[in-house]
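Trainee: Output the structure for:
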Amino acid sequence: MGRLEGKVAIVTGGGSGVGREHALLLASEGAKIVVNDLGNNAESTAEEIRDSGGEAISVLGDVAKWETGEKLVAAAVDSFGDVHILINNAGILRDAMSFSMTEEQFDEVIAVHLKGHFVCARAVAVYWRDAAKSGSETPRRIIHTSSESGLFGGPAQSNYASAKGGILTLSITLGRELSKYGVTTNVVAPRARTGLTDYIQSMAAPDNPEEFDVYDPANVSPFVVWLCTDEAQEVNGQAFIVGGSGIWWMRNWSHQNSVKLDAERWTLTNIDDHRELLFGDLETGIPKFDAPPFS
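Mentor: Here you go, the predicted model:
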């Protein structure tokens, strides 16, 4: 018996990369899987699960389209009777510096990442809310996929970083709305070699197959799957970087300092007068891309 025996999970972008690894590990823990992607890889992942004795179906669909979320929920319920877990993982890249980016490049990435996460989250939220009103009380999980670009702002990725940053806030909002229905919603930023990062030479697999592969996407999945278990019920609205042998719990946009007048409006002059009280010796330039090291 696996930890997720009897659970039903939807995995978007499950045809390859970290999504595929999530689907395989979820299935190995007993979950029944709906694998979503745009191409034939979705069925390849589902077939691999079935060949290993698990239960899985593939459902093609673009998560940026409103009806896809409802289609995935309906497929899960029709095939397996329920849905307990949503792994929002589908994504694309269209990198360019802001002064070179086209409207199409910006819109495509926002649509797949930010809108796509919301489309699927909204669909399961409707189903889970209705189920709770009908008396069904069972733990539910949403795991979203962000990135370190979303946490820190990656150059040449104003579309991708904006979408991934929006996902961080979306997760907290959904946590506030859905926790009363037994839903937790968390975010993982993977450090992994995928179709989006396999051009980066430093992330290539080691030549020695006996050497630990730091960027193997399978390294990310155990924590994602753990967040889906009953042991993670108290973890909600949080964000993590996961990769290699590491898990980093992240917090951002924390309060730095404040100044307040006594019942009067600010003016440019009194802002000048209070500048040192507000900023002091604190750094006011572009924040560092302060990603934690692997070591």
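Trainee: Could I get the full set of strands for this structure?
Mentor: 8-12, 32-37, 56-60, 85-87, 140-145, 183-191, 239-243, 246-250 (DSSP state E).
Trainee: For the fifth one, name the packing helices and strands.
Mentor: Looking back up the chat, that one is strand 140-145. Using 3 or more CB pairs under 8 Å, 6 or more residues apart in numbering; DSSP states H and E, the elements in contact with strand 140-145 are strand 85-87, helix 116-133, helix 158-178, strand 183-191, helix 221-227. For the C-beta atoms, the positions are set from N, CA and C on the backbone; glycine is no exception.
Trainee: Contacts for that strand next, please.
Mentor: 13, 18, 84-89, 91, 117, 121, 124, 128, 167, 170-171, 174, 178, 181-190, 224, 227-228, 232 (CB atoms under 8 Å, 6 or more residues apart in numbering).
Trainee: Over to the last one?
Mentor: The set of residues external to strand 246-250 that reach it, using CB under 8 Å, 6+ apart, is Leu151, Ala189, Arg191, Phe223, Gln238, Ala239, Phe240, Ile241, Val242, Pro292, Phe294.
Trainee: please redo it, this time with the cut-off set to 10 Å
Mentor: 146, 148, 151-152, 168, 187-189, 191, 214, 219-220, 222-223, 226, 235, 238-242, 291-295 (CB atoms under 10 Å, 6 or more residues apart in numbering).
Trainee: Filter those residues down to just the buried residues.
Mentor: 146, 148, 151-152, 168, 187-189, 191, 214, 219-220, 223, 238-242, 291 (16 or more other CB atoms under 10 Å).
Trainee: Low-confidence stretches in this structure?
Mentor: Applying pLDDT under 70 to the chain flags residues 295.
Trainee: try 90 this time
Mentor: By pLDDT under 90, the low-scoring segments of the chain are 1, 136-137, 192-207, 209-210, 212-213, 251-255, 282-283, 286-295.
Trainee: Let me know whether Ser179 touches Ser171 as I believe.
Mentor: No - judged on CB atoms under 10 Å, Ser179 makes no contact with Ser171 at a distance of 11.8 Å.
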